[in-house]
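>>> No sequence on hand, only this structure:
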C-alpha cells in the first residue's frame, strides 16, 4: 500500500507540477477539466448511479465545462455564488437533518448541484492560475496546510471528536491545529514578502484589498469550509457504504478524496478577491 501510494504521488507530481508552473493557461485548464470529469463520475457513483449513467454524467459534465469555458467569462461570480449557496445552506442542512442523499429529491438535487460545483471549481482554479502561479499555489497551499496540520495535530493532541458519526477520525484539536498552521504561514507570507501587484499570492492580494485583520478572518472562513467539504464527502461515502470515492488513484482512493476540501474553498475564495 505504501509503495502504491508513493508511486501514485510521484506520478501526480510529475504531471501537475510542470503543468501548473510552466504550461499555458489552456493546457492547465484542460488538465483541470480532466480532473473534474473523473470527480463527476465518482460523484454519480456515490449517489448510487453506476455503469453507463455515471459515465454519461461525467461526459455531460465535460461538455458543460467546455461550453462554460467558451461561453462564460473566465471569472464568473454568479457561478461562484451558486456554488457558495450550496455549501452555506444545503450542506449544513444535510449535516443537521441527515437525509438520505442517494434517494428521492436529494439525489436529483445533488446531481444538478454537482454540475454547478464542478464548473465553479474549474472556473475558480483556472482564474486563480490566470492571476499567476504564486496566486494559485498559495490558494492550494491554504487547503493543503489545513489538512496536514489537522492530521498531525489530531494524532498528537486529538481528544474531542469533531463529527463522530460522519468521520470518526477527525477531532476539534486537529481542526484547530490545521487552522493555526494555515494562518501562521499565510501571515508570514503577508508580512515577510513585499506585495507585487503583477504576481501576488492569494494572501497578499486579500490583505491589500481588505487589510490584514479581515484577510485573516477570511482565511479562517475558508479553512472552515475546507473542513465542511471534507466532511460532506465523508457523509456521501458513509451513506454509500464505501471507504473511498473510487480506486482511481492507487493508495490514495479517488479524485474526490483528493479535492473534496477544494470544492467549497475555490469558488468562495474567488468571491472574496473579485
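That came through fine. A quick note: this is a predicted structure, and the numbers were derived from the prediction, not measured.

>>> three-state assignment of the residue sitting furthest away from the middle of the chain?
Largest separation from the mean C-alpha position in the chain: residue 194, at 28.0 Å (Cα atoms, centre = their mean). Look at residue 194: counting by DSSP: H, G, I helix; E, B strand; the rest coil, its state is coil.

>>> next one: residue 244
Secondary structure, three-state DSSP: residue 244 is coil.

>>> Just give me the longest helix of the protein.
The helix that spans the most residues within the chain, counting by DSSP state H, is helix 212-240.

>>> which residues make contact with whatever helix or strand comes next after it from outside it?
For helix 212-240, the following helix or strand on the C-terminal side (DSSP states H and E) is helix 255-259. Helix 255-259 is contacted by residues 35, 38-39, 42-43, 46, 121, 233, 244-246, 248-249, 252 when judged by Cβ atoms under 8 Å, 6 or more residues apart in numbering. Every residue, glycine included, has its C-beta placed from N, CA and C.

>>> buried residues in helix 255-259?
Residues 255-259 are the ones in helix 255-259 that count as buried (16 or more other Cβ atoms under 10 Å).

>>> Where does pLDDT dip in the stretch 1-150 of the chain?
1-2 (pLDDT under 70).

>>> What are the boundaries of the helices in it?
Secondary structure of the stretch 1-150 of the chain, counting by DSSP state H, counting those that start in this stretch: helices at 2-22, 25-46, 51-71, 77-85, 91-97, 104-130, 133-157.

>>> What is the neighbour count of the closest residue to residue 232 other than its chain neighbours?
Spatially, and ignoring its direct neighbours in sequence, residue 232 is nearest to residue 91 (5.1 Å; Cβ to Cβ, 6 or more residues apart in numbering). As a burial measure, residue 91 scores 18 neighbours (other Cβ atoms under 10 Å).
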